[in-house]
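Engineer: Compute the structure for the input listed below.
(2 chains)
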Amino acid sequence: DAKTTQPPSMDCAEGRAANLPCNHSTISGNEYVYWYRQIHSQGPQYIIHGLKNNETNEMASLIITEDRKSSTLILPHATLRDTAVYYCIVTRGNKIIFGKGTRLHILP
Amino acid sequence: NAGVTQTPKFRILKIGQSMTLQCTQDMNHNYMYWYRQDPGMGLKLIYYSVGAGITDKGEVPNGYNVSRSTTEDFPLRLELAAPSQTSVYFCASSYTQGLSYEQYFGPGTRLTVT
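Structural biologist: Sure, this is the predicted structure:
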């Protein structure tokens, strides 16, 4: 599975869009990009995933570059409840490898 | 649906004791997983199962055993507990859509071995 690189931490003002980047330059053609988040010490929560096209659901949007070497998770209107560690994962199967993720702080 | 449930929530073991962490899902998912998370670190896969009767090792299987006799249950057994097994343990399950898997996680079991 491809390795991902994320910034260790980011800040975002409440009500603004939070844009979380992820680099995955070694991604192969049949690997999906997944995003999960972990709020405090709870179990991780699935957010969104995609293969090539941009995706949107009720939680977030996923923008994948045309060469698929990087992606951005967008939380359109961040709230204090979005404070969490966000994990970007690239995999082609059911086994996912969690890195250290990005710790997102939402500032009031 | 309750989703993925784990018991117990907390447990303290003495070195050398054994215990079983329970995990149950009611979503009829065929895949199930066990992870551990050490403080400040990401999750590491211990074991996983692709269906009843089928299990396989993950990244860190040593010191653990699993079984999968039903679709719903995936218990994790710790034999001869060691301080290095102090961690938070998460169980997860997923369904498949082609090569697409979304994992649903339980609330975790916090284990301390002293």
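Engineer: Restrict stretch A:46-54 to CA atoms and write it as CSV.
Structural biologist: Provided in CSV are the C-alpha atoms of stretch A:46-54 (Å, rounded to 0.1, in the frame of the first residue of the first chain):
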residue,chain,number,x,y,z
TYR,A,46,-15.0,6.9,8.4
ILE,A,47,-15.4,10.2,6.6
ILE,A,48,-15.1,9.7,2.8
HIS,A,49,-13.1,7.8,0.1
GLY,A,50,-12.4,8.1,-3.6
LEU,A,51,-10.5,6.6,-6.5
LYS,A,52,-10.1,9.2,-9.2
ASN,A,53,-13.1,11.6,-9.1
ASN,A,54,-13.8,14.2,-6.5
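Engineer: and it, anywhere near chain B?
Structural biologist: Yes - using CB under 8 Å from any CB of the partner chain, stretch A:46-54 comes into contact with chain B via A:46, A:49, A:51. Using the backbone N, CA and C atoms, a C-beta is placed for each residue, glycine as well.
Engineer: shouldn't the last one be in contact with residue A:32?
Structural biologist: Yes - counting by CB atoms under 8 Å, a contact exists between residue A:51 and residue A:32, whose distance comes to 5.3 Å.
Engineer: Name the residue in the two with the higher neighbour count.
Structural biologist: Counted by other CB atoms under 10 Å in any protein chain shown, residue A:51 and residue A:32 do not tie: residue A:32 has more neighbours, with 20 against 16.
Engineer: Do you know the pLDDT at that one?
Structural biologist: Residue A:32 is assigned 90 on the pLDDT scale.
Engineer: give me the beta-bridge partners of it?
Structural biologist: Under DSSP bridges, the beta-bridge partners of residue A:32 are residue A:91.
Engineer: go on, residue B:90?
Structural biologist: Bridge pairing for residue B:90 - DSSP bridges - gives residue B:35.
Engineer: what's near enough to touch it?
Structural biologist: By CB atoms under 8 Å, 6 or more residues apart in numbering or on different chains, the contact list for residue B:90 reads A:43-44, B:6, B:34-37, B:43, B:105-106, B:108.
Engineer: Skipping its backbone neighbours, what lies nearest residue A:69 in space?
Structural biologist: residue A:25 (4.5 Å; CB to CB, 6 or more residues apart in numbering or on different chains).
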